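Undergrad: Coordinates for the following, if possible.
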Amino acid sequence: MKILKRILFFIFLVVAFVGVFFGGSYYGKSLVICDVCQPSDINFSLFWNAYNTLKEKFIDPGKLSDQDILYGAISGMTNSLGDPYTTFFNPTEAKKFEDELSGFFEGIGIEMGVKKEQLTIIAPLEGTPAQKAGLRAGDEIIKIDGKDAGDITADEAVTLIRGPKGTDVTLTVYRSSWTEPKDFKITRETIKIPSLEWKLINDNIAYLKFYQFSQSLSYDFNQIALDILNSQAQKIILDLRNNPGGYLEIAQDVAGWFLENGKTVVIEDFGVGKEPTIYKTQGNGKFSQYPMVILINEGSASASEILAGALRDNRSIKLIGEKSFGKGSVQEGINLRDGSFLKITIAKWLTPNGTSISEKGLDPDVKVELTDQDYENGKDPQLDKAIEIIEKMQ
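TA: This is a model prediction of the structure:
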């Protein structure tokens with residue numbers, strides 16, 4: 001595969017030439033971008049020279065599948081862009097990606113990303129084998145079943161980690177508080193990710209925990225919001241810790257409960273010379289007058305950062321905890337003609353005040369860390385601080 005990636009640029013041009021690229025979105029639209037797109041200043045003979053040399057010289061010709069060469073070339077092409085969120089899925093991987101979006105899949109239940117060129121756990125998902133095994137946001141994955149994970153994308157790692165229920169996968173993980181990596185042997189299960197939960201604290205504080213911004217969150221929150229409104233709750237703690245994000249539109253819908261109608265939620269910046277897209281609230285604003293604080297950590301990413309940034313910029317709501325992950329870019333899904341799939345970064349997210357989330361993350365207004373000892377003793381000083389602060393608010 002490494003050999004194939006070295007010729008990715010030339011294969012990219014050939015791929016463009018034969019017109020394999022089709023447009024679309026996560027919601028299934030398809031659009032032909034180009035049937036024949038050949039740059040006039042490129043000599044394709046070098047590609048064919050490399051391709052034929054591989055066919056002639058490679059020690060094991062039985063492994064040379066033209067289809068695998070094509071998929072490997074497209075994968076290498078996307079990797080060459082240096083953007084960990086622009087990735088290619090062959091048809092098998094595309095099906096797994098679709099399963100994840102539905103909220104059901106078989107694996108261990110972690111969201112991953114590449115941070116500072118290292119495969120990193122964004123968050124272990126609630127109630128999953130990964131969380132039960134003790135994996136945490138910010139853990140670096142060094143190896144997967146003994147295979148070095150230093151030079152693979154998050155999506156490639158997903159392919160290696162997922163598998164049938166009842167089978168095992170071993171992750172070699174490094175944590176900043178450790179002197180050396182440790183192995184975690186974890187048994188895969190069918191993963192059903194919850195969307196949220198809430199409870200009443202000290203009689204008048206609604207503690208609201210969002211686990212992910214999945215397709216079901218809007219409906220689930222609409223039901224729970226009515227319970228909160230009919231309770232004794234007068235203040236809200238919104239917990240976005242270890243929430244790896246999800247759909248932008250869901251974050252926009254939820255923001256409509258906490259902000260007045262017409263407020264900016266996020267700005268999509270498509271780059272120099274292109275008009276940005278501004279997403280605004282369209283909700284009922286029922287919680288817009290409730291005193292609030294928000295909990296974040298390095299497992300808060302994507303849609304979590306959008307919602308936290310929107311509430312801070314519009315209402316000066318304090319963020320408590322640790323710096324968020326910094327996944328502030330927009331990906332568009334493109335369905336290719338054979339069932340494969342491209343996920344392409346097309347824009348970056350800015351908070352309503354114009355602050356970029358991408359790679360930087362959100363800094364908390366009140367920094368509170370969770371230590372290994374806190375985890376082991378079941379303590380939560382971040383939540384304690386949130387309660388302390390909100391009890392003083394009127």
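Undergrad: Go ahead and confirm Ile296 touches Asp363.
TA: No - if you go by Cβ atoms under 8 Å, Ile296 and Asp363 don't touch, sitting 9.4 Å apart. No exception for glycine: its C-beta is placed from N, CA and C like everyone else's.
Undergrad: between these two, which one's more packed in?
TA: Counted by other Cβ atoms under 10 Å, Ile296 and Asp363 do not tie: Ile296 has more neighbours, with 31 against 12.
Undergrad: OK, contacts around that one?
TA: Shown in contact with Ile296 (Cβ atoms under 8 Å, 6 or more residues apart in numbering): 240-241, 304-305, 308, 319-324, 362, 364.
Undergrad: Ser324 now?
TA: So Ser324 contacts Ile296, Asn297, Glu298, Ser300, Ala301, Ser304, Glu305, Ala308, Ile357, Gly361, Leu362 (Cβ under 8 Å, 6+ apart).
Undergrad: at 7 Å instead, please
TA: Ile296, Glu298, Ser300, Ala301, Glu305, Gly361, Leu362 (Cβ atoms under 7 Å, 6 or more residues apart in numbering).
Undergrad: do Leu311 as well
TA: By Cβ under 7 Å, 6+ apart, the neighbours of Leu311 are Phe258, Met292, Ile294, Ile317.
Undergrad: now Lys209
TA: Counted by Cβ under 7 Å, 6+ apart, Lys209 has contacts Leu196, Glu197, Trp198, Asp239.
Undergrad: Quick check: which element contains it?
TA: Lys209 belongs to strand 205-210 when assigned by DSSP states H and E.
Undergrad: Please compute how far that strand lies from its chain's middle.
TA: 22 Å (Cα atoms, centre = their mean, to the nearest Å).
Undergrad: do stretch 42-53 as well
TA: Counting by Cα atoms, centre = their mean, stretch 42-53 comes out at 37 Å from the chain centroid.
Undergrad: need the contact list for Gly166.
TA: Going by Cβ under 7 Å, 6+ apart, Gly166 touches Thr187, Arg188.
Undergrad: which residues in the stretch 1-150 of the chain form strands?
TA: Here the stretch 1-150 of the chain has its strands, by DSSP state E, counting those that start in this stretch, at 22-24, 30-32, 87-89, 104-107, 110-115, 118-124, 140-144, 147-148.
Undergrad: Now do the fifth one against strand 140-144, angle only.
TA: Orientation of strand 110-115 against strand 140-144 (axes from the mean of the first three to the mean of the last three Cα atoms, to 10 degrees) gives an angle of 110 degrees.
Undergrad: Return the alpha-carbon coordinates of strand 110-115 using PDB.
TA: C-alpha atoms of strand 110-115 as PDB (Å, rounded to 0.1, in the frame of the first residue of the first chain):
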ATOM      1  CA  ILE A 110     -14.800   5.300  20.800                       C
ATOM      2  CA  GLU A 111     -14.700   8.400  18.600                       C
ATOM      3  CA  MET A 112     -11.200   9.100  17.300                       C
ATOM      4  CA  GLY A 113      -9.300  11.900  15.500                       C
ATOM      5  CA  VAL A 114      -5.800  12.900  14.500                       C
ATOM      6  CA  LYS A 115      -4.400  15.600  16.800                       C
END
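Undergrad: average pLDDT for that strand?
TA: Confidence for strand 110-115, expressed as mean pLDDT, is 87.
Undergrad: now do the last one
TA: Across strand 147-148, the average pLDDT comes to 94.
Undergrad: Tell me where the model's unsure across the protein.
TA: The model of the chain has pLDDT under 70 over residues 1-40, 44, 96-104.
Undergrad: Where is the longest strand in it?
TA: strand 341-350 (DSSP state E).
Undergrad: what's that one in contact with?
TA: Applying Cβ under 7 Å, 6+ apart, the external contacts of strand 341-350 come out as 83, 85-89, 94, 97, 266-270, 306, 328-336, 356-358.
Undergrad: Counting neighbours, which bits of that strand end up buried?
TA: By neighbour count on 16 or more other Cβ atoms under 10 Å, the buried set for strand 341-350 is Phe341, Leu342, Lys343, Ile344, Thr345, Ala347, Lys348, Trp349, Leu350.
Undergrad: Give me the neighbour count for the closest residue to Pro164 other than its chain neighbours.
TA: Spatial nearest neighbour of Pro164, chain neighbours left out: Glu106 (6.0 Å); criterion: Cβ to Cβ, 6 or more residues apart in numbering. Neighbours of Glu106 under the rule other Cβ under 10 Å: 17.
Undergrad: Help me confirm that Glu106 comes into contact with Lys165.
TA: Yes - between Glu106 and Lys165 a contact is recorded at 4.9 Å, counting by Cβ atoms under 7 Å.
Undergrad: Give me the common contacts of these two.
TA: Overlap of the contact sets of Glu106 and Lys165 (by Cβ under 7 Å, 6+ apart) consists of Arg188, Thr190.
Undergrad: How about the contacts made by the residue nearest to Pro164?
TA: By Cβ under 7 Å, 6+ apart, the residues touching Glu106 are Arg162, Gly163, Pro164, Lys165, Arg188, Thr190, Ile191.
Undergrad: just the buried members of these?
TA: By 16+ other Cβ under 10 Å, the contacts of Glu106 give Arg162, Arg188, Ile191 as buried.
Undergrad: Pairing partners for the strand holding Lys209, with directions?
TA: With DSSP bridges as the test, strand 205-210 is paired with strand 196-201 (antiparallel), strand 235-239 (parallel).
Undergrad: any chance of the strands of the stretch 1-150 of the chain in CSV, with distance to Ala233 too?
TA: Below are those laid out as CSV (distance: least, Cβ to Cβ, whole Å):
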stretch, distance to Ala233
strand 22-24, 42
strand 30-32, 46
strand 87-89, 42
strand 104-107, 32
strand 110-115, 29
strand 118-124, 26
strand 140-144, 39
strand 147-148, 49
